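K.L.:
Structure for this input, please:
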Amino acid sequence: MVLLGLTGWDEADRFVTTADQAGTTALRKPMADMGYTFKYVVTLRGETLPVARIVSYAQAARAAALLRGARIGTMGYRDMNLYGTLHDGVSLRARIGPEVESFEMLEMVQAIERLDPDAVAELTADVSARWEFVKDPQPGTIENTVRLYLALHQKVAERGYQAITLLDVDGVKKLLGFAPAGVFMLLHEEDGVCTVPENDIPGAVTQLMVRHLTGQVGAYMEFYEFQPDGMLMGVPDYVPTEVVEGPVTVLPNAFGEFGEGLLNVSRVKTGRVTVARLTHTGDRYAMHVATGEAATPRPWEEAGWSPPAPRLPSLEIALDGPVEDFVQQVLSQHYIISYGDNTEPLRDLCSIIGVEVI
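P.N.:
A predicted model of the protein is given here:
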């Protein structure tokens, strides 16, 4: 609910009030004590109705409802034995709403064997024309991406996933021999689902929160370097088309001992951004939120790529607050980025579902 205290109005040479603020101030604490979920909004004398604050709370209430019963698919579990990507299924379902379903990579391999070769050839030709390739890929590189995507597409359609995450390094790269960046890109473009690598369930839930609040895709990025005014954030694989500035640019490349995959090297949109991530300790949930100004980074590269090293999709983000404060609260290598200042709707959503804001 919104508890709304309206202001009075000017009439000729005097101000007239119906004492709404008396009624609403009398209600605020009893409503809180009784456990009601609400936001108290007042109109200040001489100012107009704060519509944006009311709309923000309405969006948050809608997002909270959409999270109830949302379904996230995870192929495999705990990529690279990471701790920060883990989740607790019972408390997540009870406190926030999403159901997490796990399925095995073997199921996708078996689905690949049953694919229609014509469907694979058709989408391969479409991808070859749709994306701008820096150089020609090796034979079979695009087909590998398309086959795994089509297998996952069937699973997404069958189970109704709104978000999906994959066993990336210890799974697709290690066992199937290629990087799944292009697969994530197709899941965005063809199915409109949220994606994040490395079995990152808290990251996927954060993406759903951002999407339901803002309508944005909620791209993931990870930390590469902290800087005096903020941080360099980027991805070693892909960004969704929605956050790309200019054409979607793809570089066939290999990293370390893994085979060739499709690396997205597109330029990322800049501007005002909000970075956020959900976490939990037991059944206590919290969300870290910060804002800043994102700019195109200075030239840099990540060690380990086949030379010449690619220009990874990235942003230099100048934080609004002290970097040290942010660093001491950081929750994981992955954070979810949205454009604009979305602090208020995120806070509203967290207040509705009982999540602490850091």
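K.L.:
Let me see the ranges of the helices in the protein.
P.N.:
Under the criterion DSSP state H, the chain contains helices at 20-33, 51-67, 89-95, 105-113, 117-130, 141-159, 181-186, 201-214, 323-327, 343-353.
K.L.:
export those helices to CSV and tack on distance to Met75?
P.N.:
Glycine gets a C-beta too; all of them are placed from N, C-alpha and C. Converted to CSV, those look like this (distance: least, Cβ to Cβ, whole Å):
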stretch, distance to Met75
helix 20-33, 43
helix 51-67, 22
helix 89-95, 16
helix 105-113, 6
helix 117-130, 19
helix 141-159, 8
helix 181-186, 10
helix 201-214, 12
helix 323-327, 32
helix 343-353, 27
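K.L.:
Including distance to Pro228, mean neighbour count and mean pLDDT, could those go into JSON lines?
P.N.:
Output for these, formatted as JSON lines (distance: least, Cβ to Cβ, whole Å; neighbours: other Cβ atoms under 10 Å; pLDDT from 0 to 100):
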{"stretch": "helix 20-33", "distance to Pro228": "41", "mean neighbour count": "13", "mean pLDDT": "95"}
{"stretch": "helix 51-67", "distance to Pro228": "32", "mean neighbour count": "17", "mean pLDDT": "96"}
{"stretch": "helix 89-95", "distance to Pro228": "37", "mean neighbour count": "14", "mean pLDDT": "94"}
{"stretch": "helix 105-113", "distance to Pro228": "42", "mean neighbour count": "15", "mean pLDDT": "96"}
{"stretch": "helix 117-130", "distance to Pro228": "40", "mean neighbour count": "14", "mean pLDDT": "96"}
{"stretch": "helix 141-159", "distance to Pro228": "39", "mean neighbour count": "20", "mean pLDDT": "96"}
{"stretch": "helix 181-186", "distance to Pro228": "31", "mean neighbour count": "27", "mean pLDDT": "95"}
{"stretch": "helix 201-214", "distance to Pro228": "27", "mean neighbour count": "26", "mean pLDDT": "97"}
{"stretch": "helix 323-327", "distance to Pro228": "7", "mean neighbour count": "14", "mean pLDDT": "97"}
{"stretch": "helix 343-353", "distance to Pro228": "23", "mean neighbour count": "20", "mean pLDDT": "97"}
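K.L.:
How about the contacts made by Ala70?
P.N.:
97-99, 162-163, 208 (Cβ atoms under 8 Å, 6 or more residues apart in numbering).
K.L.:
I would like a PyMOL command selecting only the buried ones among the residues you listed, please.
P.N.:
Those of these that count as buried under 16 or more other Cβ atoms under 10 Å are selected in PyMOL with:
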select buried, resi 97+98+162+163+208
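K.L.:
Now for Gly321, how many residues are close by?
P.N.:
Using other Cβ atoms under 10 Å, Gly321 has 11 other residues around it.
K.L.:
which non-adjacent residue is nearest it?
P.N.:
Take Gly321 and drop its neighbours on the chain: the residue closest to it by Cβ to Cβ, 6 or more residues apart in numbering is Ala290, 6.6 Å away.
K.L.:
cool, Thr85 as well?
P.N.:
Asp200 is the one closest to Thr85 (Cβ to Cβ, 6+ apart), at 4.2 Å.
K.L.:
and the spatially closest residue to Ser314 that is not a sequence neighbour, how many residues sit next to it?
P.N.:
Sequence neighbours aside, Gly234 is the residue nearest to Ser314 in space, at 3.0 Å (criterion: Cβ to Cβ, 6+ apart). Around Gly234 sit 22 other residues, with neighbours defined as other Cβ under 10 Å.
K.L.:
and Gly234, what are its bridge partners?
P.N.:
Glu222, Ser314 (DSSP bridges).
K.L.:
now do Ile336
P.N.:
Bridge pairing for Ile336 - DSSP bridges - gives Tyr220, Ala276.
K.L.:
List the contacts of it.
P.N.:
196, 203, 206-207, 210, 218-220, 275-277.
K.L.:
And the pLDDT at it?
P.N.:
Listed pLDDT for Ile336 reads 98.
K.L.:
Same question for Glu257.
P.N.:
Looking at Glu257, its pLDDT is 62.
K.L.:
Then the one 3 residues further on?
P.N.:
Glu260 is assigned 75 on the pLDDT scale.
K.L.:
is it true that it touches Val250?
P.N.:
No - using Cβ atoms under 8 Å, Glu260 is not in contact with Val250; the gap is 11.6 Å.
K.L.:
who has more neighbours, these two?
P.N.:
Set side by side, Glu260 and Val250 show more neighbours around Val250, with 27 against 18, by other Cβ under 10 Å.
K.L.:
you'd agree the more buried one is up against Val244?
P.N.:
No - contact criterion Cβ under 8 Å: Val250 and Val244 do not qualify, at 10.9 Å.
K.L.:
Not counting sequence-adjacent ones, nearest residue to Ser306?
P.N.:
Ala254 (5.1 Å).
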